[in-house]
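Engineer: With the input below, show me the fold.
(one chain, ligands or ions: 1)
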Amino acid sequence: MLDANAREHTNSYYAASQRDKEPFATLTDDMSADVCIVGGGLSGVSTAVELAERGHDVVLLEANRIGWGASGRNGGQVIGGYGTRLTDNPEATNKQLGTGSAEKLIDMATECVDIIRERTEKYNIECDLKWGFLNVALKPREMNDLEDWMEELEAQGYPHETKMVSKEELRDYLGTDRYLGGQVDMGWGHCQVLDLAKGEARAAESLGAKIFEQSLVTEIEPGEEVVVKTDKAKVKANTVVLCGNAYLAQMAPKVAGKLSKYVLPATSYIIATEPLSDNLAKDVMPRNYAVCDQRTALDYYRLSADNRMLFGGVSNYSATAPLSITRTLRSKMLKVFPQLKDVEIDHYWGGRMGIGINRIPQLGQLHKNVYYAQAYGGHGVAPTHMSGRLIAEAISGDHSRFDIMASVTHMPFPGFGILRQSMFAAGMSFYKLKDALA
Ligand SMILES: Cc1cc2nc3c(=O)[nH]c(=O)nc-3n(C[C@H](O)[C@H](O)[C@H](O)COP(=O)(O)OP(=O)(O)OC[C@H]3O[C@@H](n4cnc5c(N)ncnc54)[C@H](O)[C@@H]3O)c2cc1C
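Structural biologist: This is a model prediction of the structure:
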């Protein structure tokens, strides 16, 4: 299921319900471009749209299918925030990254979602986009954290409706007694994320970008003109953008180079039930919002447009799949919604997300004309759109906002290969244990 050489989509609900199943061509002829993007997830396609809108001549090379990686497999939860940890202490951030940086990052936290809102409208991208999100709390400490977060949002002038809901009020939103309460955010939501990725690729294509699938980049020769090689052809480009994230090192270690030290793959899994009856759907999720709890290894879930429960969790950091994903996730789902006990599971799948040590998206340049974006953790649907915009601004000559993110210090993971992954798994187990005890 996670085979990086499987060149077609994994067996997900998204692939089964994708609106546009028409493939893009494979690169077979040498060509030149102003910018060549490697990787056709949301980082890649959003960068392509931003660059094409600015008049650049773009080629995008995807090893498998557009949205094949995390971007077409995730929970579809559209969550704001971009480098949010950097805005916890604005004074320190402004000192470290330059005056006004924290305020700009606060704006980007909302802008990344606005890009999705505006782009889907502008290019008529049908992707079942719905607004409404619930952060739910299992412990009093988490309720306090959500209250503090609400106050912070208010102080920042957050433009969307947010409110705290008590345990009793939560029954209007969720058919469960599992939580102590939660926080509603009407600026966040959910969507059919593979349709979003494919729709953005089509938008870029409509602006002149050339998109290629099943075109694995195996080597890059840096220089004034960068040569990007696949097994069949090559692209000469003035600038390259690497958007392979958690899959890049595995698929093309030579291309990933030192980037692989800064990002480790963590796997998360999702089940999709059969479509629920209207009555059952209204019982479990009367408002049809997306939901996340607050743990490190969190539950995240929502309804699809055809009333399936998409329930995700079981983050796995050790590169080994849990014995039975379906059984584990189903029992987690029934803890929240026992009323789903007779519902069949139609799909299950997993995907790899790139995690960095400090949980801040990594944006930068390997060379003057080789850019990269990676490491969004489990929170990349909206932030990838911010990265695409910042990279396009920088390539077009305005580095001011890109430089804020590119100046953040990121630590490499210690060790190498399997040892590095094991140390990371041990570290994450500590946080899971802390969640369980605190
Ligand atoms: C199961 C799961 C659930 C998640 N849920 C959510 C959620 O609900 N909300 C949220 O905000 N985030 C979520 N995330 C995180 C989010 O999906 C990612 O952060 C985001 O999609 C990353 O996008 P990306 O384009 O950087 O990487 P990816 O989508 O992984 O794309 C990388 C692409 O690069 C291609 N590639 C790699 N190497 C090469 C090469 N050498 N040549 C050509 N192509 C190459 C790959 O084939 C792949 O298609 C989830 C992630 C997972 C795995």
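Engineer: Residues of the stretch 51-200 of the chain that sit close to the ligand?
Structural biologist: For the stretch 51-200 of the chain, the residues in contact with the ligand (Cβ under 6 Å from any ligand atom) are 61-64, 68-71, 73-77, 79. All C-beta spots, glycine's among them, are computed from the backbone N, C-alpha and C.
Engineer: Please produce TSV containing those, extended by distance to Glu118 and secondary structure.
Structural biologist: Putting these into TSV (distance: Cβ to Cβ, whole Å; DSSP: H, G, I helix; E, B strand; the rest coil) gives the following:
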residue	distance to Glu118	secondary structure
Leu61	27	strand
Glu62	24	coil
Ala63	29	coil
Asn64	28	coil
Trp68	25	coil
Gly69	24	coil
Ala70	23	helix
Ser71	19	helix
Arg73	25	coil
Asn74	21	coil
Gly75	22	coil
Gly76	18	coil
Gln77	19	strand
Ile79	17	coil
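Engineer: Tell me the one of those nearest Met353?
Structural biologist: Ala70 (5.0 Å; Cβ to Cβ).
Engineer: Asn245 is in contact with that closest one, correct?
Structural biologist: Yes: between Ala70 and Asn245 there is a contact under Cβ atoms under 8 Å: 6.8 Å.
Engineer: Give the residues shared as contacts by the two.
Structural biologist: Shared contacts of Ala70 and Asn245 (Cβ atoms under 8 Å, 6 or more residues apart in numbering): Gly41, Met353, Gly354.
Engineer: Which of those residues fall within strands?
Structural biologist: Met353, Gly354 (DSSP state E).
Engineer: Also near the ligand: which of the shared contacts of Ala70 and Asn245, exactly?
Structural biologist: Gly41, Met353.
Engineer: give me every residue that touches Ala201.
Structural biologist: Contacts of Ala201 by Cβ under 8 Å, 6+ apart are Phe24, Gly40, Val45, Ala48, Leu60, Ile66, Ile211.
Engineer: Pull up the gap between it and Asp57, please.
Structural biologist: 16 Å (Cβ to Cβ, to the nearest Å).
Engineer: thinking again about what came up before, so, if you compare the contacts of Ala201, which one comes nearest to His190?
Structural biologist: Once Cβ to Cβ is applied, the member of these that ends up nearest His190 is Val45, at 18.6 Å.
Engineer: Name the SS class of that closest one, please.
Structural biologist: Classification of Val45 by DSSP: H, G, I helix; E, B strand; the rest coil places it in helix.
Engineer: That one reaches Trp68, doesn't it?
Structural biologist: No: applying Cβ under 8 Å as the test, Val45 and Trp68 come out as separate, 11.7 Å apart.
Engineer: The two - which one has more neighbours?
Structural biologist: Between Val45 and Trp68, counted using other Cβ atoms under 10 Å, Val45 has the larger neighbour count: 33 against 27.
Engineer: show me the contacts for that one.
Structural biologist: Leu60, Ile66, Gly67, Ser71, Ala197, Glu200, Ala201, Ala204, Gly388 are the contacts of Val45 under Cβ under 8 Å, 6+ apart.
Engineer: Arg85 now?
Structural biologist: Asn358, Arg359, Ile360 are the contacts of Arg85 under Cβ under 8 Å, 6+ apart.
Engineer: Buried subset of those residues, written for ChimeraX?
Structural biologist: A single ChimeraX command is used to select the members of the contacts of Arg85 judged buried by 16 or more other Cβ atoms under 10 Å:
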select :358,360
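Engineer: Could you single out the nearest of the contacts of Arg85 to the ligand?
Structural biologist: Taking Cβ to the nearest ligand atom as the measure, the ligand sits nearest to Arg359 out of the contacts of Arg85, at 11.5 Å.
Engineer: wait, what's in contact with the closest one?
Structural biologist: Per Cβ under 8 Å, 6+ apart, neighbours of Arg359: Arg85, Gly377.
Engineer: hey, what's the closest residue to Val78 other than its chain neighbours bridged with?
Structural biologist: Excluding its sequence neighbours, the residue lying closest to Val78 (Cβ to Cβ, 6 or more residues apart in numbering) is Gly189, at 4.8 Å. Listed beta-bridge partners, Gly189: Val78, Trp131 (assigned using DSSP bridges).
Engineer: Please, which helix or strand holds Met164?
Structural biologist: Here Met164, judged by DSSP states H and E, is contained in strand 162-166.
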